[in-house]
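Engineer: Dropping the sequence and predicted coords here.
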Amino acid sequence: MTTQLAGWRCGSALRMGALLLPLAALMPLKPLAQTSAIPPTKASDKKTSVTPANRVDAKSKANQTATGIKAAEDALTPAEMAIAERVYTGKLVCELGSSVTLTPDEKNPGYFNVNTKNLKFHMFPVATTTGAIRLEDKKAGAVWLQLANKSMLMNHKLGQRLADACMSPAQVSVAAALAINPGRTVLDGPAPAAEIAAATSAASAAAAASAAK
């Protein structure tokens, strides 16, 4: 009887297991662990801010650099500066009632502002093989040529002579000396004091004779 009872219990256990197994399959599995999703770390999107002050500072530095480069390009050689020292400045009276005014450019040593009527030029000295003093404004195509007895203003682009026979007091003296001593040339420079005195005397005598008539 004991054996029958043990067999019955074993059979009951098997039948109970067979009934529970399908139920276990229908039940949802419990997750082992619940982890909260952590969003990936984003790279910093910060950008260097550009303020108006930074822009002004950068622009100022750029302008200073450009100014320095231009100043270096515009700087004259010692030979050109020596030519500039010989340029007659001030208002020079020319033929036909015109005049030309030369003013040294204080901001740019060796350069000159040359004005006549409504025309303005910014000129610098250029060496020549003849010894004549030459100023140029390459952008405008203008040339100022200074000889011992006169100066003239020309425009190469237009092929025009804008002013001729312009004279400073020193050039007037040389012109007068050339009148009584044709042996001198316009490239000889200022006439000696004796020739200037003689020329002045001759000019005064000629003027007096003309007035007497």
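Structural biologist: Alright, I've got the coordinates.
Engineer: all helices of the chain, in order?
Structural biologist: Applying DSSP state H to the chain gives helices spanning 2-26, 52-74, 78-84, 169-180, 193-212.
Engineer: for the fourth one, packing partners?
Structural biologist: In this case it means helix 169-180. Secondary-structure packing of helix 169-180 (3 or more CB pairs under 8 Å, 6 or more residues apart in numbering; DSSP states H and E): helix 193-212. C-beta coordinates here come from the backbone N, C-alpha and C atoms, glycine included.
Engineer: thought residue 86 was touching residue 133?
Structural biologist: Yes: using CB atoms under 8 Å, residue 86 is in contact with residue 133, at 5.7 Å.
Engineer: quick one: common contacting residues for the two?
Structural biologist: Common contacts of residue 86 and residue 133 (CB atoms under 8 Å, 6 or more residues apart in numbering): residue 146.
Engineer: Looking at those two, which one has more neighbours?
Structural biologist: Of the pair residue 86 and residue 133, residue 133 is the one with more neighbours under other CB atoms under 10 Å, namely 20 against 10.
Engineer: and that one, how far is that from residue 145?
Structural biologist: For residue 133, the distance to residue 145 (CB to CB, to the nearest Å) stands at 7 Å.
Engineer: which ones are touching the residue nearest to residue 93 when sequence neighbours are not counted?
Structural biologist: Distance criterion CB to CB, 6 or more residues apart in numbering; nearest residue to residue 93, sequence neighbours excluded, is residue 99 at 5.2 Å. Contact analysis of residue 99 by CB under 8 Å, 6+ apart lists 91, 92, 93, 116, 163, 166.
Engineer: Distance check, residue 99 against residue 126.
Structural biologist: Distance from residue 99 to residue 126, by CB to CB: 23 Å.
Engineer: what's the answer for residue 134, then?
Structural biologist: Taken as CB to CB, the span from residue 134 to residue 126 is 5 Å.
Engineer: I'd like the distance between residue 79 and residue 110.
Structural biologist: 11 Å.
Engineer: So between those two, which is more surrounded?
Structural biologist: residue 110 (21 against 10).
Engineer: Using PDB, write out the CA atom coordinates for stretch 163-171.
Structural biologist: C-alpha atoms of stretch 163-171 as PDB (Å, rounded to 0.1, in the frame of the first residue of the first chain):
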ATOM      1  CA  ALA A 163      50.800 126.100 -68.300                       C
ATOM      2  CA  ASP A 164      54.000 127.500 -69.800                       C
ATOM      3  CA  ALA A 165      56.700 130.000 -69.000                       C
ATOM      4  CA  CYS A 166      56.000 129.800 -65.300                       C
ATOM      5  CA  MET A 167      58.700 131.700 -63.300                       C
ATOM      6  CA  SER A 168      59.800 132.000 -59.700                       C
ATOM      7  CA  PRO A 169      61.900 135.100 -58.800                       C
ATOM      8  CA  ALA A 170      65.100 133.100 -59.300                       C
ATOM      9  CA  GLN A 171      64.000 131.900 -62.700                       C
END
